[in-house]
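Participant: need coordinates for the below:
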Amino acid sequence: AKNLILDTLNSIQKYAVDCLFICIDAEKDDVIQRRREVEEVLQSHLPLVTTLPNYAIVIQNRTMETWFLGNRALVQSAQRGEELLKCLDFYNVEVEDPELLPIQSGHRNHAKYHLHYLRQIFLGNNLRYQKNNPREVMEESYLCQLIQRVQDTTHLPEFKHFLQQCQQLGAIIPCS
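Facilitator: Here you go, the predicted model:
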């Protein structure tokens with residue numbers, strides 16, 4: 001992540017950038033530890049950082065797909081196939097915080113398991129989730145479901161932090 005951050009800081013010098021979001025998956029790491037690592041990289045390259053009017057550090061706990069698991073309406077409407085039932089029996093993301101979803105045995109890491117779980121939910125709704133073309137999660141209605149989740153519960157605290165960062169930098173958040 002360090003090299004990617006430095007490459008980005010160097011390359012944006014050519015453009016008129018008012019705001020930079022540094023978004024990184026926490027994966028297996030602690031969110032606070034990951035944020036500290038990013039802050040250390042930024043502190044060690046202050047001349048580049050000071051040219052940015054605004055920036056925000058967003059750590060996705062665990063991955064972007066973890067946040068997408070927070071759409072309770074999609075989980076509720078899903079047909080319960082065998083694999084989705086296994087996921088829900090192991091950890092029900094409809095009622096429990098997706099950011100706390102552990103790895104089910106047989107999966108290599110959080111990212112792979114969270115992606116698998118999300119794909120099962122999509123499959124149960126006759127949809128297909130693809131990382132390179134995540135159509136449904138890009139819809140405003142999907143975002144509204146996630147926003148509703150953070151408003152109604154203490155779930156998805158890092159997603160809530162992301163929304164707060166967006167608002168602080170002047171973004172207008174729909175559905176809120």
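
Participant: please count neighbours and contacts with C-alpha atoms only from this point.
Facilitator: Will do.

Participant: all strands of this structure, in order?
Facilitator: Using DSSP state E, the strands of the chain run over residues 19-25, 54-60.

Participant: with mean neighbour count, distance to Y142 and mean pLDDT added, can I get the ones you listed in JSON lines?
Facilitator: Output for the strands of the chain, formatted as JSON lines (neighbours: other Cα atoms under 10 Å; distance: least, Cα to Cα, whole Å; pLDDT from 0 to 100):
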{"stretch": "strand 19-25", "mean neighbour count": "16", "distance to Y142": "20", "mean pLDDT": "90"}
{"stretch": "strand 54-60", "mean neighbour count": "19", "distance to Y142": "17", "mean pLDDT": "90"}
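
Participant: including distance to E39, could those go into CSV?
Facilitator: Shown next, in CSV, are these (distance: least, Cα to Cα, whole Å):
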stretch, distance to E39
strand 19-25, 10
strand 54-60, 8
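
Participant: which of the ones you listed sits closest to A1?
Facilitator: The closest of those to A1 is strand 19-25. By Cα to Cα, the value is 7.8 Å.

Participant: which elements pack onto the closest one?
Facilitator: Applying 3 or more Cα pairs under 8 Å, 6 or more residues apart in numbering; DSSP states H and E, one finds that strand 19-25 contacts strand 54-60.

Participant: got the angle for the strand it packs on vs strand 19-25?
Facilitator: Here strand 54-60 points in a direction 20 degrees away from that of strand 19-25 (axes from the mean of the first three to the mean of the last three Cα atoms, to 10 degrees).

Participant: distance between stretch 13-23 and the chain's centre?
Facilitator: 20 Å (Cα atoms, centre = their mean, to the nearest Å).

Participant: before we move on, the earlier item: out of the strands of the chain, which is closest to E136?
Facilitator: Counting by Cα to Cα, E136 lies closest to strand 54-60 out of the strands of the chain; the figure is 19.2 Å.

Participant: enumerate the positions of stretch 77-95 that are buried.
Facilitator: Buried residues in stretch 77-95, counted by 16 or more other Cα atoms under 10 Å: 78-80, 84, 87-88, 91-94.
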